[in-house]
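Trainee: Following is a predicted model, sequence given first.
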Amino acid sequence: MFELQIIINGLLLGGLYALMAIGMSLIWGVTNVVNLAHGALIMLGAYTTFWLFKLLHLDPFISLAASFAVLFVFGFLIQKYIINFVIRAKMFITLLLTFGLDILITNVAQTAWTSNFRQTSPSYASNGFSYGIITVPYVRLAAFAISIALVFALYLFLKKTKTGQAIRAVSQDIDAARLMGINVANTFAVTFGIGAGLAGVAGSMIGVLIPITPHMGEILTLKSFVIALIGGLGTIFGPLVGGLFLGLVETFGSFHLGAKYADVIVFGILVATLIIKPTGILGKNNE
Amino acid sequence: MENDTKDKKMLKIEKLSAGYADTQVLWDINLSVENGETVALIGSNGAGKSTLLETVIGLVKPISGLIELENKPVYSDSASISIPTRERVKNGMSLVPQGRHLFPNMTVEENISLGAFLQNNRKTLKKELEKVYELFPRVYERKNHPAGKLSGGEQQMVAIARALMSKPKLLMIDELSLGLAPVIVDILIEIIYDISKTGTSLLVVEQDVQVALSVAKRAYVLETGKVVMQGKSKDLLDDPQIQSAYLGI
């Protein structure tokens, strides 16, 4: 029965991981920027929800909409007025730039809000339901459901809307997208905005589950990176599979081997993926 | 102006120079396409034909010169005008790029629909789709296939169909027949005639001189980035230089 509880815990965590990583995967797949500030954006989402909860008593599952909006605008502006200027440069330059942004955002957050641990703790935070010895906390279940819903919403957005088609076109062939009359620079900015917005929503919900600090994003950037890669870049459901997979493996690993080995397992899987199937679980092999 | 509006030029290029980073590819190009005319651009590999079309549509930045669409500059170094590709498409230019550049992971219909990206009306989109499917029945049969899985000939048809969706006044095609079977080339030539009959002006880059001179009444010969010869197709076919250089006669 313990194993069943672990599976449930792993899947619930994995759904949130998927949401966390899908923004990074989207940005990477479309603009070819590996956004090392992704975790910092998640952190900003967590603080947005925390302050709205603390100051205005706004429920975290309501304020995640605000979190999306704030981070969308922030992401849009970063891409439009900073990253777009070096988008044609080698990947090393954009890596360096987003690394710098990560340090900047983290340190500004630390100066503004100190390094104190915070947590968004609504009254129902520790409630849940039990079935036999299985326990499911409501907040984890809600975070899971919202995450999965948003992954599917993103899929529909990319498939059905005009903006979504522009994003897909740009991700597949930039010159051809230009020839269709698509504004590539703006499409990049919107893509970054959506990726950042989703990171913000993930942060809002993570802040209910774990303590919030200005440095919480560092490990989350790494995990998003791993999920995006093992799921398969350039696929919409890759991060979903990668996130659930990582959630399961991490939960199993820390139960059976101890929490300190969880990261060893995570990055071990990354190395194994890169060796066995470099395009990720759902990624297509180049023909 | 001495020209009245009836024979206003569709495309006028004057003293155009262009290139990439530190390599100049085009030198003082003068070229024009009259309203409703089909013009061919021929020349060997590396002569600068593709660069010329890419410069006209705005993918490559010129160094100097003038490009006018219907007597309105889209690029002019003396007037410091350079409008982006999407504005040129909006104003009636369209390019079928070399190598087709379809969106490989999208269906044929999604590809073609993207050609109408700047048209905002869903109703007219349906109508336009029907029109191009009529022109390309083979494309219609394949409309739900991923574009990346089509044969070269089918891909070329999709690329032309997609370019037509923006209702261009000037359609530019980069390498109409390259790598395609003769049967397909014949079909494409027919389609070029059909497009031309609707009043659309065409500028076609073509390595196969015989194909080029059969679709166009007039042609330019490009060599190492310069126009070295121009004239009526039938005169060029009789030209001994052309015969020895391109026709192997």
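Mentor: Arrived safely, thanks for sending.

Trainee: Could you point out which residue ranges in chain B have low pLDDT?
Mentor: Scanning chain B for pLDDT under 70 picks out B:1-7, B:248-249.

Trainee: Check which helices and strands the helix ranked longest in chain A sits against.
Mentor: Secondary structure of chain A per DSSP state H: the longest helix is helix A:2-31. Applying 3 or more C-beta pairs under 8 Å, 6 or more residues apart in numbering or on different chains; DSSP states H and E, we find helix A:2-31 packed against helix A:38-56, strand A:134-137, helix A:138-160, helix A:162-172, helix A:184-209, helix A:217-231, helix A:238-256. For glycine as for every other residue, the C-beta is placed from the backbone atoms N, C-alpha and C.

Trainee: To chain B, which of those lies closest?
Mentor: helix A:162-172 (4.3 Å; C-beta to the nearest C-beta).

Trainee: how about that closest one: buried residues?
Mentor: Across helix A:162-172, burial judged by 16 or more other C-beta atoms under 10 Å in any protein chain shown covers A:164, A:165, A:166, A:167, A:168, A:169, A:170, A:171, A:172.

Trainee: which residues are in contact with it?
Mentor: Applying C-beta atoms under 8 Å, 6 or more residues apart in numbering or on different chains, the external contacts of helix A:162-172 come out as A:29-30, A:157-158, A:176-177, A:180, A:182, A:184, A:187-188, A:190-191, A:234, B:103-106, B:110, B:113-114, B:117.

Trainee: Regarding the residue nearest to the spatial centre of chain B, what is its secondary structure?
Mentor: By C-alpha atoms, centre = their mean, chain B has its centre lying nearest to residue B:172, at 1.2 Å. Secondary structure, DSSP: H, G, I helix; E, B strand; the rest coil: residue B:172 is strand.

Trainee: Report the beta-bridge partner residues of it.
Mentor: residue B:95, residue B:203 (DSSP bridges).

Trainee: What are the neighbouring residues in contact with it?
Mentor: With C-beta under 8 Å, 6+ apart, residue B:172 has these contacts: B:53, B:56, B:57, B:93, B:94, B:95, B:96, B:202, B:203, B:204, B:205.

Trainee: do residue A:6 as well
Mentor: A:251, A:252, A:255.

Trainee: Then residue B:203?
Mentor: B:11, B:33, B:38, B:39, B:41, B:53, B:56, B:170, B:171, B:172, B:173.

Trainee: what are the phi and psi values for residue B:150?
Mentor: Residue B:150 adopts backbone torsions of phi -80, psi 160, taken as degrees, to the nearest 10.

Trainee: swap that for residue B:168, please
Mentor: The phi/psi pair for residue B:168 (degrees, to the nearest 10) reads phi -70, psi 150.

Trainee: try the one 10 residues further on
Mentor: Backbone torsions for residue B:178, taken as degrees, to the nearest 10, come to phi -60, psi 120.

Trainee: Kindly report the same for residue B:228.
Mentor: Dihedral angles for residue B:228 - degrees, to the nearest 10 - are phi -100, psi -10.

Trainee: same deal with the one 5 residues further on?
Mentor: Backbone torsions for residue B:233, taken as degrees, to the nearest 10, come to phi -60, psi -40.

Trainee: how much space between it and residue B:206?
Mentor: Distance of residue B:233 to residue B:206, given as C-beta to C-beta, to the nearest Å: 11 Å.

Trainee: Residue B:49 now?
Mentor: Relative to residue B:206, and taking C-beta to C-beta, residue B:49 is found at 9 Å.

Trainee: tell me, what's touching those two both at once?
Mentor: Common neighbours of residue B:49 and residue B:206 are listed as B:41, B:42 (criterion: C-beta under 8 Å, 6+ apart).

Trainee: what does the stretch 51-200 of chain A put close to chain B?
Mentor: Within the stretch 51-200 of chain A, the positions near chain B by C-beta under 8 Å from any C-beta of the partner chain are A:162, A:165-166, A:168-169, A:172-173, A:175-176, A:178-183.
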